[in-house]
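J.: What follows is a protein structure lacking sequence information:
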């Protein structure tokens, strides 16, 4: 498995055709390195450049309102010092549970914040279609990533918020392990592992927004209709999530109900 | 960045010297491929073979007791059908919040289950020391991985439960973004991203337990004392975790308190 992040994309502006920009970037990289996009490759793109191409910039003064607008359900809140409004961890309209709904204040011009893309699965499908056509490829995957925190773990990792041409989950149930016994519970979040791997070559500080992952072709789908389930499939929402509500919020609700 | 998983480790048995087994595996692989372990590489090892070498096998009939023994604190439980005991999501003695405390029933002989390693950071340090000496290397990282579920996301990914010779967190605070503004909140869980990436080349079904990751040398530490903070640093426990307690558990506690 091999991963690389071509330099030189430059600033993405509202209205830019992302598939053309990415295609040009990969073409220039191939001229330089000899490594052209190939069958079974996965192209990984940060949500940030998708959002920028879509013009999803709002004034920073409207940040709290923007978070509210992106919110389907508040999961937990945490008070912050210095008079800042509480940090809200919410389920957003993409089904993602994220701090500040995924509204981002880094790597944007002063006085602005960036919303998540409108529909990252749709973007992944359209970028995939354009790159398949331009490079004459059949099996090609596209992943759109964003950075997210996790309960119980320090630090953030990248996850897949959009995907096309990819089995986002590797469902091993029905297979057998090395002792010949059925594997009963393991469904691997392949798209999230690809997103995390790609972060290591892109890096936060370098500003490289595109990576190519080669060597995961067994998860990559071909065909005009082979876009696959999309990353929406990875978002688990609904009543069977054991951490649907923050501990303090659930306790407070119980306390109020108990007092009648 | 390049990752590969040498085949041919074979079954690991209690008392095996893991550093010797891994060293032999990498030597045989280098003979075959010409790719010898090099400065700045990270060797990734599954917890499963660490546990097997440590003889951490218990009878399956004792599984529930084994989970209890590994538990520091129950975080949430979920009822299961068919008379199975409830699934317990707990914080274990390594500070990891995991279903069944990380006790594993796959890829073990019938009638047995496998506990997590005694001290995966210590194992990572000793494997690192042995491989540094054997290969005459200075900067070398070792990561011990396990597979874990996540709230709000479908599917499992690999995380780092042991590490040595590695900056497990890439703390960008104090750096600047591409607009020259301070990066204020991003601390990347590098060791978890390396663990996730390695899973893509190891795979659950193939039984490959060792991978080499090349191209992340900027996170790899040298020196006899350069073992780094270990993966324990990535486990977030304590009162400031907003999801310290399952939603249903917190609600029930509030309800009881409210009723007085």
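T.: That came through, no problem. Remember, it's a predicted structure, so these values are computed and weren't measured experimentally.
J.: ok, residue A:84 to residue A:100 distance?
T.: Distance of residue A:84 to residue A:100, given as CB to CB, to the nearest Å: 11 Å. (Each C-beta comes from the backbone N, C-alpha and C, glycine too.)
J.: Same check on residue A:161?
T.: From residue A:161 to residue A:100 the distance is 15 Å (CB to CB).
J.: the more surrounded of those two?
T.: residue A:161 (34 against 20; other CB atoms under 10 Å in any protein chain shown).
J.: The more buried one is in contact with residue A:146, isn't it?
T.: Yes: with contact defined as CB atoms under 8 Å, residue A:161 counts as touching residue A:146 (4.7 Å).
J.: Now list whatever residues contact both of those two.
T.: Taking CB atoms under 8 Å, 6 or more residues apart in numbering or on different chains as the contact rule, residue A:161 and residue A:146 both touch A:47, A:96, A:102, A:116.
J.: Between all of those residues, which two are separated the most?
T.: Spanning the widest gap among the shared contacts of residue A:161 and residue A:146 are A:47 and A:96, at 10.3 Å by CB to CB.
J.: okay, and the common contacts of those two?
T.: In contact with both residue A:47 and residue A:96: A:102, A:116, A:146, A:161, using CB under 8 Å, 6+ apart.
J.: And the strands in chain A, which stretches?
T.: Taking DSSP state E as the test, the strands found in chain A are A:2-4, A:42-46, A:57-59, A:71-78, A:87-92, A:97-99, A:112-114, A:141-150, A:153-164, A:170-171, A:187-188, A:210-214.
J.: Could you dump these into TSV and include mean pLDDT and distance to chain B?
T.: Putting the strands of chain A into TSV (pLDDT from 0 to 100; distance: least, CB to the nearest CB, whole Å) gives the following:
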stretch	mean pLDDT	distance to chain B
strand A:2-4	97	4
strand A:42-46	98	10
strand A:57-59	93	13
strand A:71-78	95	4
strand A:87-92	95	7
strand A:97-99	96	4
strand A:112-114	93	10
strand A:141-150	96	6
strand A:153-164	97	3
strand A:170-171	85	8
strand A:187-188	94	5
strand A:210-214	98	8
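J.: low-confidence ranges in the stretch 151-260 of chain A?
T.: Scanning the stretch 151-260 of chain A with the threshold set as pLDDT under 70 gives A:172-185, A:204-205.
J.: residue in it nearest to chain B?
T.: Using CB to the nearest CB, the closest approach of the stretch 151-260 of chain A to chain B is made by residue A:258 at 2.1 Å.
J.: wait, what's in contact with that residue?
T.: Here residue A:258 is in contact with B:254-260 (CB under 8 Å, 6+ apart).
J.: Would you mark the buried spots in stretch A:208-227?
T.: Residues of stretch A:208-227 classed as buried: A:208-217, A:219-221, A:226-227 (neighbour count, 16 or more other CB atoms under 10 Å in any protein chain shown).
J.: ok, residue A:107 touching residue A:46?
T.: No: with contact defined as CB under 8 Å, residue A:107 does not reach residue A:46; the gap is 9.2 Å.
J.: More neighbours: which of the two?
T.: residue A:46 (28 against 20).
J.: which residue packs closest to that one, ignoring adjacent ones?
T.: residue A:209 (4.5 Å; CB to CB, 6 or more residues apart in numbering or on different chains).
J.: Next: residue A:144.
T.: residue A:162 is the one closest to residue A:144 (CB to CB, 6+ apart), at 3.1 Å.
J.: how much space between the one you found and residue A:119?
T.: Counting by CB to CB - residue A:162 and residue A:119 are separated by 8 Å.
J.: Between these two, which has more neighbouring residues?
T.: residue A:162 (28 against 18).
J.: dump the residue contacts of the more buried one.
T.: A:47, A:50, A:117, A:119-124, A:142-144, A:230-231 are the contacts of residue A:162 under CB under 8 Å, 6+ apart.
J.: Check residue A:63 too.
T.: Contacts of residue A:63 by CB under 8 Å, 6+ apart are A:100, A:103, A:105, A:113.
J.: Minimum pLDDT in those, which residue is that?
T.: pLDDT across the contacts of residue A:63 is lowest for residue A:105, at 78.
J.: Excluding sequence neighbours, find me the nearest residue to it.
T.: residue A:113 (4.8 Å).
J.: hey, what's the one you found bridged with?
T.: Counting by DSSP bridges, residue A:113 is bridged to residue A:58.
J.: go on, residue A:97?
T.: According to DSSP bridges, beta-bridge pairing links residue A:97 with residue A:91.
J.: before we move on, the earlier item: quick check: neighbours shared by residue A:107 and residue A:46?
T.: Counting by CB under 8 Å, 6+ apart, nothing touches both residue A:107 and residue A:46.
J.: which residues in chain A form helices?
T.: With DSSP state H, the ranges of helices along chain A come out as A:18-33, A:47-53, A:63-70, A:120-135, A:190-202, A:247-259.
J.: which one of the ones you listed lies closest to residue B:195?
T.: In terms of CB to CB, the element of the helices of chain A nearest to residue B:195 is helix A:190-202, at 8.4 Å.
J.: Would the closest one count as contacting chain B?
T.: Yes: counting by CB under 8 Å from any CB of the partner chain, chain B is contacted by helix A:190-202 at A:190, A:192-194, A:196-197, A:199-201.
J.: Please find the angle between the direction vectors of that helix and strand A:141-150.
T.: Angle between the axes of helix A:190-202 and strand A:141-150 is 80 degrees (criterion: axes from the mean of the first three to the mean of the last three CA atoms, to 10 degrees).
J.: What is the burial count for residue A:56?
T.: 20.
J.: Tell me who's in contact with residue A:119.
T.: For residue A:119, the contact set (CB under 8 Å, 6+ apart) comprises residue A:162.
J.: Okay, it and residue B:208: tell me how far apart.
T.: 37 Å.
J.: Then residue A:255?
T.: Taking CB to CB, one finds residue A:255 at 50 Å from residue B:208.
J.: and if you look at residue A:239?
T.: Distance from residue A:239 to residue B:208, by CB to CB: 38 Å.
J.: and if you look at residue A:254?
T.: 47 Å.
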